[in-house]
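>>> Sequence first, then the predicted structure, then my questions.
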Protein chains: 2
Amino acid sequence: MTIRYPNGKKYVRPAEQTGSRKKADISYSNRGKSLEDELNDSNAYYLSQGIAVIHKKPIPIQVVNVHYPARSAAVITEAYFRTPSTTDFNGVWRGHYIDFEAKETKSATSFPLQNIHVHQVDHMKQVTVQGGIAFLVVKFTTLDRYFILPYDSLEEKWERMLAGGRKSITLAEFEEAASEITPRFHPVLDYLPGIIPLFPQVGEPIERQENL
Amino acid sequence: MTIRYPNGKKYVRPAEQTGSRKKADISYSNRGKSLEDELNDSNAYYLSQGIAVIHKKPIPIQVVNVHYPARSAAVITEAYFRTPSTTDFNGVWRGHYIDFEAKETKSATSFPLQNIHVHQVDHMKQVTVQGGIAFLVVKFTTLDRYFILPYDSLEEKWERMLAGGRKSITLAEFEEAASEITPRFHPVLDYLPGIIPLFPQVGEPIERQENL
């Protein structure tokens, strides 16, 4: 006998389940959406409400060949993905520069640091030194839990790894050092309030310029 | 008789001059470099000196087809350029969010507003409302003159155009409302000091976080 949920959540027949997809079949409203999509949705919401201006940067691509058909748009016929030299998202909130990288992990116990490039860590350090607000957003997909880890904590764990220590950040360490964000309906990932306890300087909106 | 300059500037023989290149033959150290290259060089200098963290965003590209040869890097075989929804450059300086668009014009008398997209103006407005520092960098290539025009002034001229007025910003208007940057040797375009008179709030470095 099978159970059908009365709450509008999509029912998945056991016959459609495959071993590798079992966990994803526990349905949540935001299941199936990538963390990047969730953040893009949240940023679109923030922009539409005048709350913040934060965008995902385009993926860097090395264009090698472009074909220009007459009276049509240029077609790129050969190009390659390049390694990003910075983080994925940046923008401005309450006058503060916001900069973060977003990563998912299927692990239920820790976040592997190999998911982060060294140049992204370097970039977040440069941003922090310059007075910007830099952090990591991590989604534990199998747990449906989201954390904001400030750069300082990431740096500490990164240095631990470089000193020969563990190559990951444990869930318990996230629970201790990070802000947890609870997914909601709209926006799915209201992450900006989670920044305030980590970076108290953003607590107050900055003053607008007089001539605006 | 020809004159050879003793100051290290490259001497260009009159015989090498062509009609269309006459102006470019008055040699300056930065001649031939695009404004984008000059800004990238300056940003690399700022980064290396710990002065600011400002990067050009990658060009947004819509990837349609990717080929994955065995044991080689993925090759993008069909893609298209997309219209950027934001400006070209952004980053952080002294804790302040910096956001700008860079444009060249060959005109010696005015900067045509058709060089700017409406969504870029919208973006700069959103940034300004959010407390960020938004401006336009314009290079009059035939004059070898560079200006930083704050968003407020751009908006004023943009509104004038929308109201049926002139579709450009005159050189005299730049001289009045913008900061002029004088090209130098290293970095070629030291544009950050030019921001201070326009945005007095960046005059003082912000305090670092205590825990760094």
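Perfect, I can see it now.

>>> Specify the angle between whatever helix or strand residue A:100 lives in and strand B:96-105 in degrees.
Taking DSSP states H and E as the criterion, the element that holds residue A:100 is strand A:96-105. Angle, strand A:96-105 to strand B:96-105, by axes from the mean of the first three to the mean of the last three CA atoms, to 10 degrees: 100 degrees.

>>> For residue B:46, see how far away residue A:126 is.
Applying CB to CB, to the nearest Å, the value for residue A:126 to residue B:46 is 10 Å. The way it works is simple: take the backbone N, C-alpha and C, and place the C-beta from them, glycine included.

>>> Give me the common contacts of those two.
residue B:53 (CB atoms under 8 Å, 6 or more residues apart in numbering or on different chains).

>>> quick one: the residue lying farthest from the centre of chain A and residue A:120, what's the gap?
In terms of distance from the mean C-alpha position of chain A, residue A:70 ranks first, at 40.7 Å (CA atoms, centre = their mean). Distance of residue A:70 to residue A:120, given as CB to CB: 42 Å.

>>> how about the helices in chain A?
Ranges of helices in chain A, per DSSP state H, are A:35-48, A:118-129, A:151-162, A:171-177.

>>> With distance to residue A:195 added, can I get those helices in JSON lines?
Output for those, formatted as JSON lines (distance: least, CB to CB, whole Å):
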{"stretch": "helix A:35-48", "distance to residue A:195": "12"}
{"stretch": "helix A:118-129", "distance to residue A:195": "13"}
{"stretch": "helix A:151-162", "distance to residue A:195": "12"}
{"stretch": "helix A:171-177", "distance to residue A:195": "14"}
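
>>> of all those helices, which lies closest to chain B?
Each of these was scored for nearness to chain B using CB to the nearest CB, and the closest is helix A:118-129 (4.7 Å).

>>> Name the surrounding residues that touch the closest one.
A:83-87, A:97, A:99, A:101, A:133-136, A:151-152, A:154-155, A:158, B:47, B:50, B:53, B:92, B:208-209, B:212.

>>> Is there a neighbour count for the residue nearest to residue A:86 when sequence neighbours are not counted? I'd like the number.
Spatially, and ignoring its direct neighbours in sequence, residue A:86 is nearest to residue A:123 (4.7 Å; CB to CB, 6 or more residues apart in numbering or on different chains). Other residues within reach of residue A:123, judged by other CB atoms under 10 Å in any protein chain shown, total 23.

>>> same check, this time on residue A:77
Residues lying near residue A:77 (other CB under 10 Å) number 16.

>>> ok, it touching residue A:65?
Yes - the pair residue A:77 / residue A:65 is scored as a contact, 4.8 Å apart, by CB atoms under 8 Å.
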